[in-house]
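**Student:** could you look at this predicted model? Sequence included:
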Amino acid sequence: SLIKLKPTPMEEVDIPFNKPYFLKGYCKNMSAVNKWKDIGYLKKNFKNTLVNVEYYKCKKDFEITKISEKSIQSFENFLEHMYNQNSYISDCNLLKYKENIENCIIEDLTNSNDYKLGLTGALESLNLYMGVDTKTGMHCHVEDDFLLNQIVGTKRVYIRNDLDEVKDLEESNFSKENFFELDWEKIDVYYVDLKPGDSFCFPPTCWHAVRSDGYTLGVTKVWKRK
């Protein structure tokens with residue numbers, strides 16, 4: 001059955017994350033939430049930076065993250081074709097592009113709530129996720145704490161707590177099953193709909209899948225666990 005997760009007050013969040021947390025409005029004070037709605041702004045400040053783009057043969061392949069091709073192309077070219085191709089920017093670490101993009105892009109992602117929450121360590125990565133009508137199969141991150149910040153559009157996150165933990169880093173961190181084809185009446189599936197300004201915390205072994213309807217853009221901050 002589908003079970004909707006309730007928002008978690010900031011004072012109830014443990015660092016490092018010991019369970020999934022839904023933080024309603026947590027990142028709404030980030031400049032990106034307002035500025036990045038403007039495609040022209042992104043095009044101008046990402047400049048003609050080359051990025052890795054995933055391609056899928058059909059929408060169905062997104063459900064099991066079956067990538068047919070990876071390509072390096074300009075950010076501007078991706079923007080021009082993202083509505084008529086099954087393409088996706090995933091895990092694009094913006095920290096690696098600091099020399100190529102304008103400083104304002106990184107600055108737009110500053111959030112004073114990160115410090116209030118106690119996330120004061122250096123970021124391991126700052127990952128951009130961007131596409132149109134995308135899905136990501138059931139997986140977990142294995143190590144480190146992930147904080148997804150929804151910038152543009154609505155993203156639904158599904159959580160399962162009945163799968164075994166991944167203990168061996170050599171193993172795949174994706175489930176062998178297609179989560180989107182399962183009978184959800186027979187399993188407990190938790191979910192939350194992230195709107196611009198909302199955030200979600202993923203501990204390392206939190207199994208989750210994601211569905212994005214229409215054009216969506218999110219940025220995940222990753223902190224290394226001790």
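**Tutor:** Nice, thanks for sending it over. Computed from a prediction, not measured in an experiment: that's the story for all the values here.

**Student:** run through the chain and note the low-pLDDT ranges.
**Tutor:** Counting by pLDDT under 70, the chain shows low-confidence ranges at 165-171.

**Student:** let me see the ranges of the helices in it.
**Tutor:** Per DSSP state H, the chain has helices spanning 31-35, 39-46, 59-62, 75-81, 103-107, 112-117. These are given in chain order.

**Student:** could you dump these to TSV with mean neighbour count and distance to H139?
**Tutor:** For glycine as for every other residue, the C-beta is placed from the backbone atoms N, C-alpha and C. TSV is the format used below for these (neighbours: other CB atoms under 10 Å; distance: least, CB to CB, whole Å):
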stretch	mean neighbour count	distance to H139
helix 31-35	18	25
helix 39-46	16	27
helix 59-62	16	13
helix 75-81	16	23
helix 103-107	15	27
helix 112-117	14	24
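
**Student:** let me know which of these is the nearest to R211.
**Tutor:** Nearest of the helices of the chain to R211, taken as CB to CB: helix 59-62 at 8.9 Å.

**Student:** export the helices of the chain as CSV, with columns for distance to S90.
**Tutor:** As requested, the helices of the chain are arranged in CSV below (distance: least, CB to CB, whole Å):
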stretch, distance to S90
helix 31-35, 18
helix 39-46, 16
helix 59-62, 10
helix 75-81, 12
helix 103-107, 18
helix 112-117, 23
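
**Student:** out of those, nearest to T8?
**Tutor:** When the helices of the chain are ranked by proximity to T8 (CB to CB), helix 112-117 comes first, at 10.9 Å.

**Student:** tell me how far the closest one lies from the chain's centre.
**Tutor:** Mean C-alpha position of helix 112-117 versus that of the full chain (CA atoms, centre = their mean, to the nearest Å) differs by 19 Å.

**Student:** same question, stretch 35-55
**Tutor:** Its chain's C-alpha centre lies 16 Å from the corresponding centre of stretch 35-55 when counted by CA atoms, centre = their mean.

**Student:** mind listing what the residue nearest to E102 when sequence neighbours are not counted touches?
**Tutor:** Spatial nearest neighbour of E102, excluding adjacent residues (CB to CB, 6 or more residues apart in numbering): N45 at 4.1 Å. Taking CB atoms under 8 Å, 6 or more residues apart in numbering, we find N45 in contact with I101, E102, C104, I105.
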